[in-house]
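# the sequence isn't on hand, but the structure is:
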DNA sequence: CCTGATTCTGCGGTTATTTGCAGGTTAATG
DNA sequence: CATTAACCTGCAAATAACCGCAGAATCAGG
């Protein structure tokens, strides 16, 4: 009672924003933070810390875990592609397989960057006479030789992290192409729509989706809920979503309202 | 009551997520981990370690074994190009190394397809602030990250055999670019000039050479003498030739007459 | 200056997750 | 073939998380 007889909602001398900022730095320096430690360190209740952590996790800056949080990079968010490829590999492969079943011989496909779409490219062995356009430099080597008639690579500036090209050349080319299907791997899906971490990649995806008659989105269950910085399009631009687990309720409703066909990859 | 009379579920100071992350790194560094070692190292029960291993195995990051785990097998695919790389690796690597020594910081490079130019890209580690333009889809992943400022990929139709792009988009782009140096790997060199097997690739090389102030040709000794179907340019368009063995007499004379600087890669 | 709305905070009760342990089963080893 | 270690399943305990609620401070506008 001497100090705080009642809740004391207001800042204890430290503003919430600043507390969160320091909290994030602590997490990065120590590779982890625990709720209990932070609560005693900042002199606030564990619930407050939990809420802070949730906010930061929602921005993709932290990965929430039981008892605390770890920096986003530690688990797998924006790690180099090589690591992302192996992460959630079984799920991605099931999704890729199910998506490949949606492709008919002779179609023209647009494929964007990402590890899931790369897995998709590998699963195209059963198809024939495909025409493929991609900005993912891994796709050409991954796609089975016998499945394609022609394969075109979009030029532009190379991005080391994601191993895709992005740039004026690609933007100029995409609108002049009309494809049957765009196969898009995204970073995050919410009821509001698709999003990713990079504005310029979002722009590229938007161009691809716009030039395709049908858009198939590939996303494993870990993509649901979080929303990333750069919005791509709303769900009504999507015809099919292939995933491995049923989405959360709010996303599921939004998908139904947008008349998105939901394909669950069989295990 | 000494320390822990009963289970103690809560984090022992290390969050599960972080423990798994460190565990994964240990597995990768040591190529294997055992349940018992990890249990004592992290101060948790073997059962907990087993559960961690199962989680990581479920994400495809580890391969579970009796008594421990090993890192997930890395992908290895054998394309024709990859095989060619090992075929003449010592010679190609020496040539690549010698050619890389000719590049100065801040230069703008044009790099075409071929296994020798790919080796060249790998040897650029000592350079900085390079701007690179290429139609070789292997180059972007091969070039050391720290050596380049910008890297552009030429778009176009993909050729499976050589893993390069060729096409209207690339042709349209190349003339609008002016580079310091074109680094060209060729199929054959005679006294008459450079040649290769495919007309369309010859055309691309010609465009590249034309837009560069300096042309460096990479060719191992096996390329001398034979002439291929598609002529590229005569020797007088070449500034430097990097090879591993002195050329035959007639080629040597032609090189001298065309004032081509001959660089022999040291063994 | 005062009042209503918003935000931040802590609290109590319920649910979920993590962890270690006991015991039966399976796999590796001599 | 026997023996030891590792594995898996169910289980209990302790903590963490979640949900709704109410008090307190800040803010907006008259």
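The structure has been received and is ready for your questions. The structure presented is a predicted model; accordingly, all values stated were derived computationally and were not measured.

# for chain A, what helix or strand is lowest in average pLDDT?
helix A:81-86 (a mean of 51; mean pLDDT, DSSP states H and E).

# which intervals of the stretch 151-267 of chain A have sub-threshold pLDDT?
In the predicted model of the stretch 151-267 of chain A, residues A:168-174, A:225-229, A:267 satisfy pLDDT under 70.

# for the record, mean pLDDT for stretch A:118-131?
Average pLDDT, stretch A:118-131: 94.

# start to end distance for that stretch?
Start-to-end span of stretch A:118-131 (C-alpha to C-alpha, to the nearest Å) is 16 Å.

# list the buried residues for it?
Residues of stretch A:118-131 classed as buried: A:118-124, A:127, A:130-131 (neighbour count, 16 or more other C-beta atoms under 10 Å in any protein chain shown). No exception for glycine: its C-beta is placed from N, CA and C like everyone else's.

# same deal with stretch A:235-244?
Buried residues in stretch A:235-244 (16+ other C-beta under 10 Å): A:235, A:237-244.

# would you mind measuring the gap between the ends of it?
Note: stretch A:235-244 ends 18 Å apart using C-alpha to C-alpha.

# stretch A:52-69 now?
11 Å.

# buried residues, that stretch. List them.
In stretch A:52-69, the ones that count as buried by 16+ other C-beta under 10 Å are A:52-53, A:56-57, A:60-63, A:65, A:67-69.

# got it, and stretch A:102-111?
A:102-103, A:107-111.

# filter these down to the ones in strands?
A:108-111 (DSSP state E).

# which of those sits closest to DNA strand D?
residue A:111 (35.2 Å; C-beta to the nearest atom of the strand).

# hang on, the earlier thing: reformat the buried residues of stretch A:52-69 as CSV; add secondary structure and pLDDT.
Putting the buried residues of stretch A:52-69 into CSV (DSSP: H, G, I helix; E, B strand; the rest coil; pLDDT from 0 to 100) gives the following:
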residue, secondary structure, pLDDT
A:52, helix, 89
A:53, helix, 90
A:56, helix, 84
A:57, helix, 83
A:60, coil, 70
A:61, coil, 78
A:62, strand, 84
A:63, strand, 85
A:65, strand, 89
A:67, coil, 89
A:68, strand, 88
A:69, strand, 90
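
# what's the burial count for the residue nearest to residue A:46 when sequence neighbours are not counted?
Nearest residue to residue A:46 in three dimensions, chain neighbours excluded: residue A:39, at 4.5 Å (C-beta to C-beta, 6 or more residues apart in numbering or on different chains). Residue A:39 has 16 neighbouring residues, counting by other C-beta atoms under 10 Å in any protein chain shown.

# surely residue A:39 is in contact with residue A:53?
No. With contacts counted by C-beta atoms under 8 Å, residue A:39 stays clear of residue A:53, the gap being 11.0 Å.

# what about the helices in the stretch 1-150 of chain A?
A:16-30, A:35-42, A:46-58, A:72-75, A:81-86, A:89-100, A:115-122, A:139-142 (DSSP state H, counting those that start in this stretch).

# check which helices and strands the last one sits against.
Contacts of helix A:139-142 with other secondary structure elements, assessed using 3 or more C-beta pairs under 8 Å, 6 or more residues apart in numbering or on different chains; DSSP states H and E, are made with helix A:115-122.

# contacts for the helix it packs on?
With contact meaning C-beta atoms under 8 Å, 6 or more residues apart in numbering or on different chains, helix A:115-122 is reached by A:81, A:84-85, A:87, A:89, A:92-93, A:95-96, A:99-100, A:111, A:132, A:134, A:136, A:138-139, A:142-144, A:183-185, A:218-220.

# show me which of these are buried.
Buried residues within the contacts of helix A:115-122, counting neighbours by 16+ other C-beta under 10 Å: A:81, A:84-85, A:87, A:89, A:92-93, A:95-96, A:99-100, A:111, A:132, A:134, A:136, A:138-139, A:142-143, A:183-185, A:218-220.
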